[in-house]
Structures are given as C-alpha cells and as structure tokens.
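this is the structure alone, sequence omitted:
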C-alpha cells in the first residue's frame, strides 16, 4: 500500500510526539531538524525531503521507546520504502535506504566520527552490523547516492537539539508535494 502525502502528515500528527530513541527530541522534532539542516546546507529538494522522511519507518513500525536497549533493530531504513516508492524518486528513497549504512561507513573512514555518536546510535550500530571494514566502506562509497546518504547521516546525527527552531511540517510537506511523482 502506498502512502499519500496526507498519510505521511497523519503519521507525524499521530506519532510525531513519540520520543526519539533516547534523545531529547521527539520523532517530529528530529525529522524537522534533519530537513532544516539539509535546507540550510542548500541540498536538493529531494535530499531535503529524504532528510524529513529518513526515519518514517519508526512511525510505521512502532517498537516502543528506545528499542535498541532491548536488542531490537527495527530495520526502519527499509520499512518505509515500499510505502514511499510510488510517491518519490530514487533521489529521495536511496538516501533513506542507505543512511544506516552511511553511519557504518563514516565510522570506518572518519576516525573521530564514532566518538561523536550518541549512546543510542552506538547501541544501534552494533545491531545494524557494526563498523564497515575497508572493503565494505569502499563498496558503499561506490554506490549511487552514497554521498547524499553520508550528508543525510550527518544531519541525522546533528538533529537532536531540544531547543532548535525549525520551519514547520507544512513547509517541508509543501516541498514534498512539489517533487512527488503522483
């Protein structure tokens, strides 16, 4: 079943107030902050929408508060894709799909990156397969949209500020409507 833009807004309206796994922000705040950081970096509209929707799988597959503490990897990076595929191009979908592997890659190629991860990101990293070895990191970097996924990952990591002011959900949903396939 495909999601409509109204369905996505409804998910944020219904579940956006859920805490973002062990962080001082809600799911909605995290999504808005990720998108705002992408917009501030002058990313494409597609990448800004990917930043907004990168964790939508958490809202579609509710696992309770901080599932990583219970050893659960909800595979959120894949969960939303079948619902979003009829609505958006690969320029939106692929960075979403790759953003978890981007964390694994950044840990391999940036010596300081792992030290900046939150406690929940460190826990989930282990559940998600751990740090890439050199070959896996190079293979990841060769994939289409890998660079976009790395940028998205960095915005994802920075989008955990309880006091950051962002544009509204309507602002970003209007942007999503402007690039929607149907």
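Structure's in. What do you need? Predicted, not measured: the structure shown is a model, and the values here were computed from it. Residues are numbered from 1 along each chain as shown.

quick check: end-to-end length of stretch 126-139?
20 Å (Cα to Cα, to the nearest Å).

how many neighbours does residue 34 have?
Neighbourhood size, residue 34 [other Cβ atoms under 10 Å]: 29. Using the backbone N, CA and C atoms, a C-beta is placed for each residue, glycine as well.

before we move on, what's the pLDDT of it?
What the model reports for residue 34 is a pLDDT of 98.

ok, now residue 178?
So, for residue 178, pLDDT stands at 97.

helix or strand for it, just tell me which one.
Here residue 178 sits within helix 169-179, counting by DSSP states H and E.

packing partners for that helix?
helix 5-15, helix 27-40, helix 45-53 (3 or more Cβ pairs under 8 Å, 6 or more residues apart in numbering; DSSP states H and E).

and the longest one, what's buried?
Pointing back at helix 27-40 there. Residues of helix 27-40 classed as buried: 27-39 (neighbour count, 16 or more other Cβ atoms under 10 Å).

and the helices and strands packed on helix 169-179: which comes nearest residue 123?
helix 27-40 (16.6 Å; Cβ to Cβ).

now do the contacts for residue 136.
104-105, 108 (Cβ atoms under 8 Å, 6 or more residues apart in numbering).

if you set the cut-off to 10 Å instead, what comes out?
101, 104-105, 108, 129 (Cβ atoms under 10 Å, 6 or more residues apart in numbering).

now, which of those lie within helices?
101, 104-105, 108 (DSSP state H).

which one (most neighbours) among the residues you listed?
residue 105 leads the ones in helices among the contacts of residue 136 on contacts (other Cβ under 10 Å) with 25 neighbours.

just to revisit the earlier point, let's have the ones in helices among the contacts of residue 136 in a markdown table, adding pLDDT and distance to residue 80.
Compiled in a markdown table, the ones in helices among the contacts of residue 136 are given as follows (pLDDT from 0 to 100; distance: Cβ to Cβ, whole Å):
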| residue | pLDDT | distance to residue 80 |
| --- | --- | --- |
| 101 | 95 | 16 |
| 104 | 93 | 19 |
| 105 | 97 | 21 |
| 108 | 96 | 26 |
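
much appreciated, bye for now.
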